[in-house]
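**Q** What follows is a predicted protein model with its sequence.
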Amino acid sequence: MPSSGPRAVLLLLPLLLLRAVLAVPLERGTPQQESPATESPVSGPALLSSQDTGLYYHRYLQEVINVLETDGHFREKLQAANAEDIKSGKLSRELDFVSHHVRTKLDELKRQEVSRLRMLLKAKMDAEQEPSKQGQATRDLAQYDAAHHEEFKRYEMLKEHERRRYLESLGEEQRKEAERKLEEQQRRHREHPKVNVPGSQAQLKEVWEELDGLDPNRFNPKTFFILHDINSDGVLDEQELEALFTKELEKVYDPKNEEDDMREMEEERLRMREHVMKNVDTNQDRLVTLEEFLASTQRKEFGDTGEGWETVEMHPAYTEEELRRFEEELAAREAELNAKAQRLSQETEALGRSQGRLEAQKRELQQAVLQMEQRKQQQQSQNGPAPGPEGQLKFSQDTDDAPVPAPAGDQKDVDPSEKKVPDQPPELPRLDTQHL
């Protein structure tokens, strides 16, 4: 498969890369000015360097492409795609169908890149770099979060679609039993202790008491901040904030329970972090300084416990209309795969028939060659001894003096009396030795 074209074209789609991976823009060269009426004719490695994708890490992108190309289905779609398919997001939907091991590798690359980006973001605050670059990194993280929400929505829709199809395949009694079991699982999942609002006084005090082992009556926001600034860089980054929500998440999700979905837990963690950032991170740089944290503890909402945090199941990730469109998309995809399977089956049958014809022709040719050899041997036996190397005839040497009989057609009936007996040689006179 030609690799340069599809690999370069893949870099044109930020949405595709954000759904599967995340890349960090560190240094971007001055974008090439290009007429909007024409598209660049370059391709292959030249396209990789000329297209302004906003992404600098070519090595990381190469790793992503290499992983994606290990999936045969996605590689085939990538080979057939053009730039418009990628820009429009059509190709990104194929990521839902990559194999599990490919998705696992992409997730690992994504985690590594997000961690590196967060470290870079903190370093930028200390290095007095250009504000535009810091803003670009922040926007990339926001796009990553949005892509995570979209991916979770498609996951939930697929799960609901499969559930409905499974119930439709059952008989009436079996369906009622399956629905009863599902309702029981949902009931058990909802039966959990109250979840505190992330960033509230009740939530932070619970961490202070149960994780830090300190007296809740002596809660001190500044000391709390210092304790949980793990790397002592003066800010709470997203990872340090998410670590504060572990206790709340454990109230709802247990990996040992079949009714608790760990994908939902990760979505819940993201929602909690976004809630805190929205209310505490006043400059929206995705980092919480000590001043921002202390200011948040002085607000009225900090001490208002209310009814607690509303979890994912209380806020469906999709609407019925979105689910309907998703199922139509799946049906179209399934029809396409079935048509392709049918074409492949027909091509296989045609190849089988062609192979059968070739085998029959081969047998006919072998039979013809054998008959030619037999006729050649018969002609040689009828035409006498074969000539020697110089054209002379070869005869076998007779070992007796027996006459060669005449051909049967040339013999005539002869009277025995007419047969001539060869004359005896005349007898020589004997000499009289007595007179000598």
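**A** Everything's here; your move.
**Q** Verify the stated contact: Asp285 with Arg139.
**A** No. Between Asp285 and Arg139 there is no contact, the gap being 11.3 Å when judged by C-beta atoms under 8 Å. Glycine gets a C-beta too; all of them are placed from N, C-alpha and C.
**Q** which of the two has more neighbours?
**A** Asp285 (19 against 12; other C-beta atoms under 10 Å).
**Q** Next, find the distance separating the nearest residue to that one once chain neighbours are set aside from His315.
**A** In space, and not counting its chain neighbours, Asp285 is closest to Thr138: 6.2 Å by C-beta to C-beta, 6 or more residues apart in numbering. Distance from Thr138 to His315, counting by C-beta to C-beta, to the nearest Å: 25 Å.
**Q** same check, this time on Tyr155
**A** Taking C-beta to C-beta, one finds Tyr155 at 15 Å from His315.
**Q** what about those two, which has more around it?
**A** Taking neighbours as other C-beta under 10 Å, Tyr155 and His315 compare with Tyr155 leading, 16 against 8.
**Q** Helix or strand next in line after the helix or strand containing the more buried one, which one?
**A** For Tyr155, the host element (DSSP states H and E) is helix 131-168. The helix or strand immediately downstream of helix 131-168 is helix 172-190, counting by DSSP H and E.
**Q** Return the set of buried residues in that next one.
**A** Residues of helix 172-190 classed as buried: His189 (neighbour count, 16 or more other C-beta atoms under 10 Å).
**Q** Output the very next helix or strand once past that helix as CSV, restricted to C-alpha atoms.
**A** Counting by DSSP H and E, the next helix or strand C-terminal to helix 172-190 is helix 201-206. Provided in CSV are the C-alpha atoms of helix 201-206 (Å, rounded to 0.1, in the frame of the first residue of the first chain):
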residue,chain,number,x,y,z
GLN,A,201,-16.4,22.6,51.7
ALA,A,202,-18.0,19.3,52.5
GLN,A,203,-16.0,17.6,49.7
LEU,A,204,-12.7,19.1,50.7
LYS,A,205,-13.2,18.4,54.4
GLU,A,206,-13.9,14.8,53.7
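**Q** List phi and psi for Val288.
**A** phi -110, psi 120 (degrees, to the nearest 10).
**Q** Let me know the pLDDT of the spatially closest residue to it that is not a sequence neighbour.
**A** Using C-beta to C-beta, 6+ apart and skipping the chain neighbours, the partner closest in space to Val288 is Leu236 (4.2 Å). We note a pLDDT of 93 for Leu236 in this prediction.
**Q** likewise Arg325?
**A** 94.
**Q** if I look at it, how far off is His275?
**A** For Arg325 relative to His275 (C-beta to C-beta), the value is 29 Å.
**Q** what about these two, which has more around it?
**A** His275 (16 against 13).
**Q** Pretty sure that one sits against Pro198.
**A** Yes. Applying C-beta under 8 Å as the test, His275 and Pro198 come out as touching, 5.3 Å apart.
**Q** Can you list the neighbours in contact with stretch 152-171?
**A** 96, 175, 178-179, 182, 263-264, 266-267, 316-318, 322-323, 326-327, 330 (C-beta atoms under 8 Å, 6 or more residues apart in numbering).
**Q** of these, buried ones?
**A** 96, 264, 267, 317-318, 323, 326-327, 330.
**Q** which of the residues you listed lies closest to Gln298?
**A** Glu267 (30.5 Å; C-beta to C-beta).
**Q** thinking again about what came up before, tell me the one among the buried ones among the contacts of stretch 152-171 nearest to Asn220.
**A** For the buried ones among the contacts of stretch 152-171, the nearest to Asn220 is Glu267 (32.3 Å; C-beta to C-beta).
**Q** got the contact list for the closest one?
**A** 148-149, 152, 312, 317.
**Q** Next one, pLDDT for Thr138 please.
**A** pLDDT at Thr138 comes out at 78.
**Q** And Ala20, by the same measure?
**A** 44.
**Q** next one: Leu358
**A** 93.
**Q** What is the burial count for it?
**A** 10.
**Q** Kindly confirm my reading that it forms part of a strand.
**A** No. Under DSSP: H, G, I helix; E, B strand; the rest coil, Leu358 falls outside any strand and is assigned helix.
**Q** Helix or strand next in line after the one helix or strand in the chain whose mean pLDDT sits lowest, which one?
**A** When the helices and strands of the chain are scored by mean pLDDT, DSSP states H and E, helix 45-50 comes last with a mean of 38. Sequence-wise, the next helix or strand downstream of helix 45-50 (DSSP H and E) is helix 58-68.
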